[in-house]
Structure formats: structure tokens, C-alpha cells
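In: I would like the atomic coordinates for the input below:
(one chain, ligands or ions: 1)
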Amino acid sequence: MNYPFQYRQGRLFCEDVDLQKISSSLETPFYIYSKEEIKHSCRLIREGGEGYDFKPYYALKANFNPALLKIILNEGFGADIVSGGELYFAQRAGFKADSIVFAGVGKTEAELRQAVEAGIASINVESAAELYLLSRVAAELRRKVSVAIRINPDIDAKTHEYISTGLHSNKFGVDAETAFQLYRQAHADPWIEPDGIHMHIGSQIENEQPFVDAARFLLSFIDRLKAAGIEINTVDLGGGIGINYENPFARPQQARSFTRSILSSYLQVFAGRRLKLYLEVGRSVIGSAGVLISRVIYTKKTPVKNFTIIDAAMNNLIRPSLYKARHPIVPLVQSEAGRWTTDVVGPVCETGDFMAREMEMPELHEGDFIAIGGAGAYGQSQASFYNLRPLVAEYLVEGDHIKKISPALSPVELAERFEW
Ligand SMILES: *Cc1c(COP(=O)(O)O)cnc(C)c1O
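Out: Numbering: from 1, shown residues only. Okay, the predicted model is just below:
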């Protein structure tokens, strides 16, 4: 399938919707998603798992809009959650409890209780203290719980340090020695069924080597457990498959270029083994399916720099500020104007509020619309009211049809939560 965000006669479309045309009548900024692209990404992942006992779980933290969750649910995905709030959203969207897995270093007693009562597929335990608490909760509720211990394999995923999770210096999981002790302990616990193992080494990983190294590490650990009489049936391989943030509008075939090759090498390590393989995927499901549309407010030239000031800011999309992420930015109408080098910045009062720095692009003008690409994942889900700017609306496109899937939330509405 062709990437659905493409220029036709110089105008950017999402599927069959002319983005310039709709942007002039909508309030900017806003997020817009392509249903076809979500389905396509889901299909790519499912195809990658063919031939294995395989189930993908969608990481809600990438984007929790219920309209999107329902598409992904219908594609046969389970849900990967990291909080009681995400458990609530997953269940309310229709994910069955036995298709939900729960990770995170700081699950509270209330969250563990909520998960045990729901009877979810696996609680992925990240410390001795958590296993101790979970055992108590399970015993109290008289419910046997399926548990995977999250192993930290000390493998460098070669990604931004804030989204690397598989190094011993990261807070996630436990080292193999500790894990081995925890499995023994869990094995002896009547309320804990330690039949799974979990790993997640980071996010936006662009090549297969860290995955393959991690998978081999897991396999040898599983064999070690087996020798000690502990049988593992389920391997939760985590997520982290990157997407291509290079300009997908110009080279559409590359928008989701890593999924196929990474999955193929990752799963291959387990070929011939009788293991259920779980994959947790966020970005590679939803990342390429969304763009953030914004309007140029001003341009400004200083003696040393050019600035294109737009109405989207770090409170809408924090990835450039937080992870030095580079998102493609293109005008909705291809411009004949000369090109220049500019910072693309938002109105928030922080120097770190930028969408791009030193980007070469056409010189745009007040009122021009732009699309910030690859914004489907970790965009709206990380949005805030910072600077008392609104949370923006989200739209879903299907063919030539566009539907609002969440309204903007204004500071005036926010104000109602306070006493004055
Ligand atoms: C964030 C997260 C994921 C999803 O990561 P992506 O890079 O979006 O695929 C999967 N599993 C766990 C435990 C996570 O924390």
C-alpha cells in the first residue's frame, strides 16, 4: 500500500482528504490520522509473526485515543499497559482482560489489585519488592496470577538515552541473577504462576542487532531456568521497533521501513522453539499514521538565524524538545518560494520549544499551513496544558471522510476544575 500522506498536484493529502482545504476551516493545530495506515502497520506486524505462535500487543502509551484503540483491537492486537489508567482505557475500548499485559517499575498496590481482579494475561514484574507485594495481593484476593519477570539484559539499544531501557544503569527490570532468584521464589509461591518472561530494551531502535542480541540472551536464560525445573511458555519480547522519521512525504515507501527486517531477525532466534511469542508495539503501529497540522503565525529574521513561528508547540508535541527527535516538516501546498534555513518554533516561553532546528525548507509566510510528520505516536499522548495552551483536537480520515475523534480542550474548560 502507498503511504497515505502524499502530494497530489502539489497539495498534501491524507488518503483522499485535501489537508489544505480542511485546514482553512478547522482550528489549528490539530492531529490527523489515517485509518488505512494504522491497518497497514498492523498488517505488517501480523505478517512478521506468521509461522510463529505470535500475538502482538499495542502499547497504549503511544496514543490512547479510543477511536484508534478500536481499530487496533479489530486488527487482532492485545493491549500493553503501564498504569491503572491505561487498564481502564484498554478494557473500556473492548480489549479482553486475557489480552492485556502490564509493565512498569512503579505499579502501586491499587494498580496491582485492579490488574489481579481483572485477571489480565500477565503482570510483568520489575523488582523483588513488586513480586512480594503482588504475592500478598494475589493471596488476599485468592486469585492465581500469571507473571513474567522483566529481565534487563544490559544491551545498548543505541537510541536516545531517555528511551533506552535495557541497560543496567536504566531503572527497568532486574539483572539475570536477581531474575533467577525471583523465578525460584515465584515458583514456590502458590498464588504466582511464573510461566512468562519479559524484556523491553528501548524505543525507536533502527536496526536488528540489539534485538537479536537480547533474544539470544533470553533464550539462554530460559534454558537455564528449565534446567532448574522452571518452565517458561511465553516470551514477551517488548517493543521498540523504530519508524523512519526521514521525510516520508518525499520517500513514502520508507515510512515504516524497519518493521519487516527487525521482526524477521528478532523472531528468527526463536524458530523451532515451542514458545508463545508476544510483541509489544506502540510507535511502529501508530507513529507513521499521524501528522500534526499547524499554521505559520510569523516569520522572523535575526542577524544570526531565521525563525518560522508556528501555532503548534512543545505542549502539543514534545519529542523534539525531550528527545532531540527530528520530525519531517512540509508545507501543505508545495511552495515555489526560495528555500532557506530556519528554526521552526512554537509560542511557548522556553528556548527548548522547537519543532526543528536549522531545517532547510521553503520560506513560508503567515497563514501557510504545515504538516509535522511521524506524529501519531507519543504526540497527543504526551500533550499538556503548559503555558495554558489548549489540548488540540484529533481527526481520523477514512477515504474521503473525516471525523473528529476528540475535541480540543480549552483553558476555559480547564478553569472549571479549579475554585476561584
Ligand atoms: C513503551 C513500551 C513499549 C512500546 O514501545 P514502542 O517503542 O512504542 O514500540 C512496549 N513495552 C513496554 C514495556 C513499554 O514501556
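In: show me what the helix or strand Leu292 falls within pairs with in its sheet, parallel or antiparallel.
Out: When elements are defined using DSSP states H and E, Leu292 is found to belong to strand 290-301. Using DSSP bridges, the strands paired with strand 290-301 are strand 30-34 (antiparallel), strand 306-310 (antiparallel), strand 369-372 (antiparallel).
In: so can I have JSON lines of those showing mean pLDDT and distance to Glu206?
Out: Bear in mind the C-beta positions are built from the backbone N, C-alpha and C, glycine included. Formatted as JSON lines, the entries for the strands paired with strand 290-301 read as follows, by pLDDT from 0 to 100; distance: least, CB to CB, whole Å:
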{"stretch": "strand 30-34", "mean pLDDT": "98", "distance to Glu206": "23"}
{"stretch": "strand 306-310", "mean pLDDT": "98", "distance to Glu206": "27"}
{"stretch": "strand 369-372", "mean pLDDT": "98", "distance to Glu206": "20"}
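In: make CSV out of the ones you listed and add distance to Pro190 and mean neighbour count.
Out: Shown next, in CSV, are the strands paired with strand 290-301 (distance: least, CB to CB, whole Å; neighbours: other CB atoms under 10 Å):
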stretch, distance to Pro190, mean neighbour count
strand 30-34, 46, 25
strand 306-310, 59, 20
strand 369-372, 53, 25
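In: quick one: closest of the ones you listed to the ligand.
Out: In this view, the strands paired with strand 290-301 are compared for proximity to the ligand by CB to the nearest ligand atom, and strand 30-34 is the closest at 15.7 Å.
In: anything in whichever helix or strand comes after that closest one near the ligand?
Out: For strand 30-34, the succeeding helix or strand toward the C-terminus, using DSSP H and E, is helix 35-48. No: looking at helix 35-48 against the ligand by CB under 6 Å from any ligand atom, there are no contacts, and the closest approach is 10.2 Å.
In: what's the first helix or strand after helix 35-48?
Out: Sequence-wise, the next helix or strand downstream of helix 35-48 (DSSP H and E) is strand 54-59.
In: when you scan that next one, is anything in it near the ligand?
Out: Yes: in this structure, strand 54-59 sits against the ligand according to CB under 6 Å from any ligand atom; the contacting residues are Ala59.
In: now do the buried residues in the very next helix or strand once past that strand.
Out: Following strand 54-59 in sequence order, the next helix or strand is helix 66-74 (DSSP H and E). Residues of helix 66-74 classed as buried under the neighbour-count rule (16 or more other CB atoms under 10 Å) are 67-69, 71-73.
In: just to revisit the earlier point, now the angle from the strand holding Leu292 to helix 35-48?
Out: Orientation of strand 290-301 against helix 35-48 (axes from the mean of the first three to the mean of the last three CA atoms, to 10 degrees) gives an angle of 120 degrees.
In: could you tell me which residues of this structure lie near the ligand?
Out: Near the ligand, when you scan the chain using CB under 6 Å from any ligand atom, you find 59, 61-62, 80, 82, 103, 200, 203, 238-241, 280-284, 377.
In: what's the distance between Tyr132 and Arg260?
Out: When distances are taken as CB to CB, to the nearest Å, Tyr132 and Arg260 turn out to be 41 Å apart.
In: show the pLDDT at Gln253.
Out: Gln253 is assigned 67 on the pLDDT scale.
In: in the stretch 251-400 of the chain, what residue comes closest to the ligand?
Out: Counting by CB to the nearest ligand atom, the stretch 251-400 of the chain gets nearest to the ligand through Gly282 (2.6 Å).
In: about what we covered before: from the residues of the chain next to the ligand, which land in helices?
Out: 283-284 (DSSP state H).
In: list buried residues within the residues of the chain next to the ligand.
Out: Among the residues of the chain next to the ligand, those buried by neighbour count (16+ other CB under 10 Å) are 59, 61-62, 80, 82, 103, 200, 203, 238-241, 280-284, 377.
In: ok, the residue nearest to Gly78 when sequence neighbours are not counted - how many residues close by?
Out: Closest residue in space to Gly78, ignoring its immediate chain neighbours: Ser99 at 3.4 Å, by CB to CB, 6 or more residues apart in numbering. By the measure other CB atoms under 10 Å, the count of residues near Ser99 is 19.
In: adjust the sequence numbering to begin at 782 for everything that follows.
Out: Okay, residue one is now 782; in that scheme the one you just asked about reads as Ser880.
In: residue contacts, Ser880?
Out: When the contact criterion is CB atoms under 8 Å, 6 or more residues apart in numbering, the partners of Ser880 are 836, 838, 858-860, 902.
In: measure it to Asp861 for me?
Out: For Ser880, the distance to Asp861 - CB to CB - is 10 Å.
In: and for those two, which residues touch both?
Out: With contacts defined as CB under 8 Å, 6+ apart, the residues adjacent to both Ser880 and Asp861 are Tyr838.
In: follow-up on the earlier one: got the angle between the strand holding Leu1073 and helix 847-855?
Out: Per the same axes, to 10 degrees, the angle that strand 1071-1082 makes with helix 847-855 is 140 degrees.
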